[in-house]
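> Predicted coordinates and the sequence they were generated for:
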Amino acid sequence: MEQQPSILIIGHGSEHSPGPLVSACGHADRLMASGRFAEARVAFLMAGEDPRDQLEAMRARTIHVIPLFMCDGYYTRTVIPKTLGLQGPRTSRDGSLLIYRTPIGMHPGMAEILRLRTLETCHAAGWEPLGTRLMVIGHGSPKSSASAEITRRHAGEIRRRSEFLSIECAFIDEAPRIEDWLRDLPTEGPPVALAGFFAADGLHSSLDIPGWIEAWENRTGSRPGARVRYTGAVGADKRVTALIAESIATEIALQLP
């Protein structure tokens, strides 16, 4: 019987928030609990276990390297491959096959998880989805269109179902910026659900966005949570673990004779 594969989850990491560690370790723990993997380790490009050290300690014949990133940008195309010496999607090294997977945020199933989290937020608030504005928030970048493109793609998939009053996108680091959008949000109007398209509840997700919401509530005199609610970072959702396992199972199935 062939040895079970192992998994190395690599995130960006943060020196200011435990969110990235919580998100990555949550996925690793659930993947190990499934009984389908020999090992699941986590590593970070910043403030955490070094990816090179973690990979060096792994001995499985097949190791799936999972970028816990929302888009295929500089870190996933350049930094991680260079750090680990990857030579494309499949790299043979020291008796192991390293399979470098697509960033988890690119998985088509992420749109469904964003949608479900928004519906759950509406239900908890007592809002009718058809009367609720949905704003999908991505990181964005003035240097690359990758983040904005995948954010808009997932928003477009949700829009096809016509479940919400409107579906828009805003970003942290490019226009339209969510900070500016909230500053200009009128006092009166339909409720707004902000869906965080982030890998973890890091600095932006756990501090910046809640802080901007609070500033709007203070300025307008709105009761907290009465009109604007934030879903948190989608990348930490336990349903994302299933997407990771599903993508690996598909890869294995394609290799069967």
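Received, thanks.
> Excluding sequence neighbours, find me the nearest residue to W127.
Leaving out its chain neighbours, the residue that sits closest to W127 by Cβ to Cβ, 6 or more residues apart in numbering is P191, at 4.7 Å. The C-beta positions use only the backbone N, C-alpha and C, and glycine is treated the same way.
> how far away is the one you found from M135?
Taking Cβ to Cβ, to the nearest Å as the measure, P191 and M135 are separated by 11 Å.
> more neighbours, these two?
Set P191 next to M135 and count neighbours by other Cβ atoms under 10 Å: M135 wins out with 24 against 20.
> Kindly state the pLDDT recorded for the more buried one?
pLDDT, M135: 98.
> That one belongs to a strand?
Yes: with DSSP: H, G, I helix; E, B strand; the rest coil as the criterion, M135 is assigned to a strand.
> ok, now how distant is it from R161?
With Cβ to Cβ as the criterion, M135 and R161 are 16 Å apart.
> domain parsing for this protein?
When the chain is parsed into structural domains using automatic domain parsing, the resulting residue ranges are 6-105+237-255, 109-236.
> worst average pLDDT in those domains?
Taking the average pLDDT of each of those, the minimum falls on domain 6-105+237-255, with a mean of 93.
> What segments of the stretch 51-200 of the chain are helices?
Taking DSSP state H, counting those that start in this stretch as the test, the helices found in the stretch 51-200 of the chain are 51-56, 74, 80-84, 109-125, 146-159, 178-183.
> Which one, of those helices, ends up nearest to L21?
Between L21 and these, the tightest spacing by Cβ to Cβ is seen for helix 51-56, at 13.3 Å.
> Show residues contacting the closest one.
Residues outside helix 51-56 that contact it (Cβ atoms under 8 Å, 6 or more residues apart in numbering) are 8, 10, 41-45, 63, 65, 80, 83-84, 98.
> Just the closest of these to R177, please.
L45 (24.8 Å).
> how close does the closest one sit to L84?
From L45 over to L84 the distance is 11 Å, taken as Cβ to Cβ.
> So for these two, which sits in the more crowded spot?
A side-by-side neighbour count of L45 and L84, using other Cβ under 10 Å, places L84 first with 21 against 18.
> for the more buried one, what are its contacts?
With contacts defined as Cβ under 8 Å, 6+ apart, the neighbours of L84 are 51-52, 55, 65, 98.
> buried subset of the residues you listed?
Among these, those classed as buried by neighbour count (16 or more other Cβ atoms under 10 Å) are 51, 55, 65, 98.
> count of neighbours near the residue nearest to the last one when sequence neighbours are not counted?
Across the structure, with Cβ to Cβ, 6+ apart as the measure, the residue nearest L98 apart from its sequence neighbours is T91 (4.4 Å). The local packing count at T91 equals 17, with neighbours defined by other Cβ under 10 Å.
> surely T91 meets L97?
Yes: in terms of Cβ atoms under 8 Å, T91 counts as a neighbour of L97; the distance is 7.5 Å.
> Nearest residue to E149 in space, please, no chain neighbours.
C71 is the one closest to E149 (Cβ to Cβ, 6+ apart), at 7.4 Å.
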